[in-house]
Structures are given as structure tokens and as C-alpha cells.
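Trainee: This is the structure alone, sequence omitted:
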């Protein structure tokens, strides 16, 4: 199947700093990418939907100024957690879709803010 | 709106036992249905899918049949292994580039 690469797989940062997570579709053009957040032992919570070349659509309750999403090309979307705090510690997963209904997922990024 | 309900876990089984994880859905149209698996510390992997009624998805010994009459997509495996221990998510998707709707996940633990 198609490959979605997410980087880094884990990151530890100090409170107040910003962290950027990259999501790349390696062998297909992803017109739409999705960013999810997963709390321990819980399901995936959709944070935002990102279409190439346009502004992301955020789900209710997700701060767009805190979670900056950029989808500058058909193969790359980035999520930047700005001014991170310990409560932002979580597992972040990206997903990419093209013309088919199947979604491909990155391997996830575990963010720990200390 | 669309939604997915799956049985709550955790489910603990002995090796070689039969597995069923129930999943039902609510959708306005004719969605595609999926089962994803998440191993500890990893992202989601597609396990199997079905795109229309009566389709059966299968992979690695797992099966699920798209039942429109009961709006269900139950996951089954005849003989589980320790390596099947993971969290399983049922999901649905409309046509087009809409996000998947996930169930809450069911944690499976298989003991030797």
C-alpha cells in the first residue's frame, strides 16, 4: 500500500518552545491530509483537515493559533505546536488520502513537553 | 451524522481462541468500512476493508463482512495469536476526501 512518513517519531521539548511535525506521502499525491491526536488508551480525535494550497479546517475546540497546519504541497503537510505546554503532550498522527476512499496513516509522533 | 460504535474492551483471550469484535455504524449514505490495527507505540495500519454491502474483507486470518441490513462490520478471527495483541479500530468513510470516523477502539490482549 501507499506510504505515509511522519517525522519525528518522538520528541521531547521544553515548555514554551515550538515543535514541528512533518507528514509526507511518499508515493502518491495527497490532496487531503488529516491530523489526529490520541490520548492514552483512547481513540483518535480529529484535529483538522488540510487541503493542499488552502487553509486548514479545524475541529471545534482545537486552537488554530496553537496548532498551526501548513499543506504547501501535495506530498507534505506540517503541524506546528506553538508554545507547547505539558498538557499538549500526546500522540499525534497524520493521515493522507487521494482519489480513493482509503486513508493511509503515518507512524505517529509522541510529543512530551517537560 | 455518521458514527461508529464498537464493543468496549479490553478483551483478553487465550492463544488459539476465537475472536469477535462487534462494530455497528450509522451513516446517511453508503460508506466504506474499515478495520485498523494499532500496535503499541505505533500508528494505525489498515487491516481490512469493504466498500459495499455483502463484501467481505480479509487479511492475516481476520475477516469482516459488510452487513447493510444490520449496519454491522464485525471483526472475526478463528485462532488468535499473541502477536495479535493490539488495539483495533472500526471506521467508516464517505466518498471523497472526508475524514474517517472511528470507533473508540478495542484493546485485545492474547495470552499464551
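Mentor: That came through fine. Only a predicted model underlies this, so the values are computations on that prediction, with no experimental measurement involved.

Trainee: Pairing partners for the lowest-mean-pLDDT helix or strand in chain B, with directions?
Mentor: One helix or strand of chain B scores below all others by mean pLDDT, DSSP states H and E: strand B:101-102, with a mean of 89. Taking DSSP bridges as the criterion, strand B:101-102 forms sheet pairs with strand B:86-93 (antiparallel).

Trainee: Centre of the chain to the partner strand, how far?
Mentor: 5 Å (Cα atoms, centre = their mean, to the nearest Å).

Trainee: what's the answer for stretch A:4-20, then?
Mentor: That offset, for stretch A:4-20, works out to 11 Å (Cα atoms, centre = their mean).

Trainee: same check, this time on stretch B:69-86
Mentor: Stretch B:69-86 sits 7 Å away from the centroid of its parent chain (Cα atoms, centre = their mean).

Trainee: Buried by neighbour count: which residues of it qualify?
Mentor: Residues B:71, B:72, B:73, B:74, B:75, B:77, B:80, B:84, B:85, B:86 are the ones in stretch B:69-86 that count as buried (16 or more other Cβ atoms under 10 Å in any protein chain shown). In this view, the C-beta of every residue, glycine as well, is placed from N, C-alpha and C.

Trainee: Which positions in chain A make contact with chain B?
Mentor: A:1, A:6, A:31-32, A:34, A:41-44, A:46, A:49, A:51, A:93, A:95, A:97, A:101-108, A:110 (Cβ under 8 Å from any Cβ of the partner chain).

Trainee: Please, a PyMOL command that selects the buried ones among those residues?
Mentor: A single PyMOL command selects the buried members of the residues of chain A next to chain B (16+ other Cβ under 10 Å):
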select buried, chain A and resi 6+31+32+34+43+44+46+49+93+95+97+101+102+103+104+105+106+107+108
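
Trainee: show me where chain A has strands.
Mentor: A:4-7, A:10-13, A:19-25, A:32-38, A:44-51, A:57-58, A:67-73, A:76-81, A:90-97, A:104-105, A:109-113 (DSSP state E).

Trainee: any idea which helix or strand comes after the least confident helix or strand of chain B?
Mentor: Counting by DSSP states H and E, the next helix or strand C-terminal to strand B:101-102 is strand B:106-111.

Trainee: buried residues in stretch A:85-99?
Mentor: Neighbour-count burial for stretch A:85-99 [16+ other Cβ under 10 Å]: A:88, A:89, A:90, A:91, A:92, A:93, A:94, A:95, A:96, A:97, A:98.

Trainee: Using CSV, lay out the residues you listed together with pLDDT.
Mentor: As requested, the buried residues of stretch A:85-99 are arranged in CSV below (pLDDT from 0 to 100):
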residue, pLDDT
A:88, 96
A:89, 96
A:90, 95
A:91, 94
A:92, 96
A:93, 94
A:94, 94
A:95, 93
A:96, 91
A:97, 85
A:98, 78
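
Trainee: Thank you kindly, that will do.
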